[in-house]
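> Here you go, sequence then predicted model.
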Amino acid sequence: MFKRTTLKGELKELQLRLINLDLEIKKEAIKQVIAYMTVGKDVSDLFTEVLNSLQTKDLEIKKLVYLYLMKYASKKSEQAILVVNTLVQDTKDNNPLIRALAIRTMGSIRVEEVTEYLCQPLRKCLKDKHPYVRKTAAICISKLFILNPELVQTQGFLSDLKKMISDSNPMVVSNALVALRQINESSTQPIFVVDHKNIMTILNALNESTEWGQIQILEAAAQCAPKNEKQACIIVEKVIPHLSHSNSSVVLTAVRVVLNMLNIITKNQELIKKTSEQLSSSLVTLLTGKPEIQYIALRNINLIVQRFPKMLRREIKMFFCKYNDPIYVKMEKLDVMVMLASKSNIELLLREFQLYAKEVDVQFVRKSIRAIGKCAIKIPKVAEKCAKALLDLIMTNVSYVVQEVVIVVKDIFRKFPNQYESLITRLCEHLESLDDPEAKSSMIWIIGEYCDRIENADELIDDLTDSFTEEPHEVQLQLLTATVKLFLKKPSEARELIQKVITIATEQIDNSDLRDRAYFYWRLLSENPTKAKSIVLDQRPLISSENYKYDEIMLSELVRNIPKLSSIYHKPSEMFVQTVKVFEGGENKSEPSSEESEKRKESEDSEEIEKKTKKTKSKKTKSKKTKSKKNMTTNKPKTKTKRKEKEKTEKKQETVLMPKTNNTQTTNSNNNNTIETLIDLGFGMTNTQTQTTTTNQPMSNNQNLLGMNMNTTMNNNNNNNNNNNNSQSDFFSSLNNEETTFSIEIEPKKLLLNSTKGKGIQIEGTFRRRNREIFFDLSITNKTSAPVGGLAIAFNTNLFGLKPKAPVVKGVIMPTQTRESSIRCPIDKTHIPKNTKANLNIQIALRCSGKNLFFHDRPPLNIFLKEDLKILKKDFLNHWKQIPEENEMEKEITNVEKMDISYIKHLFENKNIFFVTKRKDGDLDILYFATKFESDHISLLELVLISNLNQIQLNIRSINPSYNILIVQFLENLLKK
């Protein structure tokens, strides 16, 4: 290992050693350079000397210089071109290793000028007689495609690459497949699709490939859509031998292929039986490996068992926990055992679970007890045995065991109401020892649910209310609900108790959720006790064992990704990988990034914006003066400084500038909101009616039921709460909601999924804004020969929490028929984007006759902007100051198409960005705009127009700073059109 030195002349010394004629001295110097490079030291100044060392026959030196060149070529692009001739000559060397290294280096140099010289050597290497050179050249094509896609297509390299999957050498075949898959991920259209025509050619190379090559070939086979069942059987027969491979990754990838094919095979029962047995033994064999391998295998087995419940039932004993298993393996084994539980093996499993519940690991014990409860819910006929097992565990009097039993028993009571009530007495004995919030809230739920059968239920709840204000939030909520249930079932015994609890919840608790719930119960009980009974005591849906499983669409997606990270995390790949595209049988199965280049551009822009916001004002002034070489001085920095100084001097006057808010009016508004939420229950009143009832009429019997004046207490409480309101509601109180109408451009529908990728279903659509709401307008064309139906749509997690709220199309779509649909898409106003490199892409899944189609659309930002904002000129500065300075973003927009003020005003207002005012500062025109998002967050904009440079200095302040980048990207595209 080379020592790290800090000598002043170390680079100079290396420079002298690199030009030394002694080969050994030169070699040691290059090694020292590479050592510095690997630890992060910048040795790019030695570029010329290192490249001169390439003129040698020594293979070791060539390898080291190639490494250096790949690292620093992009920094020294002009000098890198000088080495092209040497690289081209090396591609003609007699040594195949040098030829391969040369072509790999040329492909790894990220300099566009070098690509012009790469084509001829690359074409020659693709046809090289040595397979090592050919397989290296195949990977080089994928690297070249990322740098220059058009060049790869025009030079015919894609055709050459497709021919290489028929190569006689399996190593070349696997590399060609990898290159084609990488190109598919970078391309807007599938360049290569594994289908029934080429799958057999690919599988012929499977047996002779390396482990890595086998994985690549099996990955390709997993994407194949066989022409018929016969071909699926052939694929299975070719893949089955690899289920016994020593490499676990090969085994799991082979499992994925076989599972995909089993979905198609229906007639050949003998093959299905044989394959299932082989799958079982292969998966069980993985459980004998290292703990890490066991964990990965168990996570994938979890998914497989959900899809094929009977596959591993005979191997149940292989999942029993060993004393030396790590905790993460034990936990996964418990999940799998619950899924494999059946009438035939439940007694065996219960004995195991009871044994595990006596272990010392608390986490493992809790999960074992939970497993007993899941078995009871899954198999009703053995629920009584499970209840007895839980009763035995209660008798141990171990604190954490009893607390977990309470949680589990609550679920059993939800599944089997009015059964196994003998457990309640035992549980009540341990009420005082419960300190876990979940266990305590579960016990309170049981008491509330069975309060009419527990003799001292009112005493138990009364004792718990003594510490009401100190309890965790979930316990408080459950205690409030249990008290209401007790009052509805035993009104005479619980009258004082309900008054006590509701008074505490409404007057002494800060949590708004609990307080609102208490007000809800209060008014509900006061207005209509009969309706209260039908709501609070109504029978709820029984829980099911299906609650522990993934839905069909999610499960199919995860099984399709065995053994990737997606199947281990149990999350769709797009949640943690930016760009994932798999073309299966001509269908894009994940995010079809047709705007890949745009996304990269946005990412670069975001990084640039973040860097620029960190610059000091003096640097900005200096850069602007440098740009302005025609004796033009930009006054923008002065304007900015003046405004900052003015803000500082006026800070003391903030209270004067802040608009005043009438507390009474706010209280009335709050009351309206509270009452309006109850209108659907049949007893809502307007604010006027409430006041009249309170002042002029005596309370009805229903209102006197609790013996308290609700309106007075609510008004007093709301007045107190109003003092704690965020100042944002004050300084934006002057925002006027007057309607403003502008002509909004209608976005035409675009092709989102063609019939080739959509298996005969063509989808066109776009997001539009109508009547102050967001809609997804969709056209679905059936180009298959059979009717399609059962349509359902879902959006993946997206920036604004947009969700579809209407059915796609009712009924069926006949062949050649096109059906239109307009789906309302409200946003989740509580959803706040946290990613500073925000992306508006919305991934969409459409279920159609059992098939899952995946595509995406990118709505324009203006559909998320409201039409009803108008801000007064005199209030703009006040609002601007109230937003923290760190929420500000600045961006210079150059090459603006049109600098006309009226044009910009009209352009912005068409996009729901509204003009406030303008002013002059020397030669500069300064415009002010405001806009409001659907989430009710407001953004304020300042545009400084520098006409003679066709440049705009944009300054944005937003309550939610995450929106700044979105606005910058949107306006930059808008102004540069």
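Now that the structure is in, tell me what you want to look at.
> Centre-most residue in this protein?
residue 575 (3.8 Å; Cα atoms, centre = their mean).
> show me the contacts for the nearest residue to residue 783 once chain neighbours are set aside.
What sits nearest to residue 783 in space, not counting adjacent residues and going by Cβ to Cβ, 6 or more residues apart in numbering, is residue 755, at 4.4 Å. C-betas here are computed from N, CA, C, even on glycine. By Cβ atoms under 8 Å, 6 or more residues apart in numbering, the contact set of residue 755 is 761-762, 781, 783.
> What separation do you get for residue 820 and residue 364?
Using Cβ to Cβ, to the nearest Å, residue 820 is found at 56 Å from residue 364.
> Of those two, which one has the most company?
residue 364 (18 against 12; other Cβ atoms under 10 Å).
> my read: that one touches residue 358, true?
No. Residue 364 lies out of contact with residue 358 (Cβ atoms under 8 Å); the separation is 10.6 Å.
> For the stretch 851-977 of the chain, which segments count as strands?
Counting by DSSP state E, counting those that start in this stretch, the stretch 851-977 of the chain has these strands, from start to end: 851-857, 888-893, 914-921, 924-932, 938-946, 951-958.
> Format those as JSON lines; extra columns: distance to residue 485, mean neighbour count and mean pLDDT.
Listed next are the strands of the stretch 851-977 of the chain as JSON lines, based on distance: least, Cβ to Cβ, whole Å; neighbours: other Cβ atoms under 10 Å; pLDDT from 0 to 100:
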{"stretch": "strand 851-857", "distance to residue 485": "43", "mean neighbour count": "20", "mean pLDDT": "86"}
{"stretch": "strand 888-893", "distance to residue 485": "52", "mean neighbour count": "19", "mean pLDDT": "87"}
{"stretch": "strand 914-921", "distance to residue 485": "51", "mean neighbour count": "15", "mean pLDDT": "86"}
{"stretch": "strand 924-932", "distance to residue 485": "43", "mean neighbour count": "21", "mean pLDDT": "88"}
{"stretch": "strand 938-946", "distance to residue 485": "44", "mean neighbour count": "22", "mean pLDDT": "88"}
{"stretch": "strand 951-958", "distance to residue 485": "46", "mean neighbour count": "22", "mean pLDDT": "88"}
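> I'd like those strands laid out as JSON lines, including distance to residue 52.
Output for the strands of the stretch 851-977 of the chain, formatted as JSON lines (distance: least, Cβ to Cβ, whole Å):
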{"stretch": "strand 851-857", "distance to residue 52": "50"}
{"stretch": "strand 888-893", "distance to residue 52": "42"}
{"stretch": "strand 914-921", "distance to residue 52": "57"}
{"stretch": "strand 924-932", "distance to residue 52": "54"}
{"stretch": "strand 938-946", "distance to residue 52": "48"}
{"stretch": "strand 951-958", "distance to residue 52": "45"}
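> Which among those strands is found nearest to residue 265?
For those, the distance to residue 265 is smallest for strand 851-857, at 18.2 Å, taking Cβ to Cβ.
> Which strands or helices does the strand or helix carrying residue 558 pack on?
Element membership for residue 558 (DSSP states H and E) is helix 552-559. Under the contact criterion of 3 or more Cβ pairs under 8 Å, 6 or more residues apart in numbering; DSSP states H and E, helix 552-559 touches helix 291-307, helix 565-569, strand 851-857.
> Nearest to residue 344, out of these?
Of all those, it is helix 291-307 that lies closest to residue 344, at 15.8 Å by Cβ to Cβ.
> gap between that closest one and the chain center?
Helix 291-307 has its C-alpha centroid displaced from the chain centroid by 23 Å (Cα atoms, centre = their mean, to the nearest Å).
> Sketch out the low-pLDDT regions of the stretch 1-150 of the chain for me.
1-8 (pLDDT under 70).
> Low-confidence stretches in this protein?
For the chain (pLDDT under 70), the answer is 1-8, 546-548, 577-746, 806, 829-838, 977.
> those strands in it, which residues are they?
583-584, 587-588, 750-753, 761-770, 773-782, 792-795, 818-824, 842-848, 851-857, 888-893, 914-921, 924-932, 938-946, 951-958 (DSSP state E).
> So for stretch 78-97, what gets flagged as buried?
Residues of stretch 78-97 classed as buried: 80-81, 83-84, 86-88, 90-91, 93, 96 (neighbour count, 16 or more other Cβ atoms under 10 Å).
> gap between it and the chain center?
The answer for stretch 78-97 is 45 Å, by Cα atoms, centre = their mean.
> for stretch 182-189, same thing?
Taking Cα atoms, centre = their mean, one finds stretch 182-189 lying 22 Å from the centre of the chain it belongs to.
> Just the buried residues of stretch 78-97: which are in helices?
80, 84, 86-88, 90, 96 (DSSP state H).
> need the contact list for residue 237.
Counting by Cβ under 8 Å, 6+ apart, the residues that residue 237 touches are residue 271.
> and the gap between it and residue 275?
For residue 237, the distance to residue 275 (Cβ to Cβ) stands at 9 Å.
> try residue 431
54 Å.
> Repeat that for residue 435.
Distance of residue 435 to residue 275, computed by Cβ to Cβ: 52 Å.
> out of those two, which sits in the more crowded spot?
residue 275 (22 against 10).
> Just list the residues touching the more buried one, thanks.
Taking Cβ under 8 Å, 6+ apart, we find residue 275 in contact with 236, 240, 258, 262.
> Does the second one touch residue 276 like I think?
No. Shown here, residue 240 and residue 276 do not form a contact pair, counting by Cβ under 8 Å, at 11.2 Å.
> intersection of neighbour lists for those two?
Shared contacts of residue 240 and residue 276, defined by Cβ under 8 Å, 6+ apart, are absent.
> rewinding a little: name the nearest of the ones in helices among the buried residues of stretch 78-97 relative to residue 904.
Closest to residue 904, out of all of these and judged by Cβ to Cβ, is residue 80, at 43.7 Å.
> so what's the closest residue to the closest one other than its chain neighbours up against?
Sequence neighbours aside, residue 73 is the residue nearest to residue 80 in space, at 4.1 Å (criterion: Cβ to Cβ, 6+ apart). When contacts are counted by Cβ under 8 Å, 6+ apart, residue 73 touches 80, 109-111, 114.
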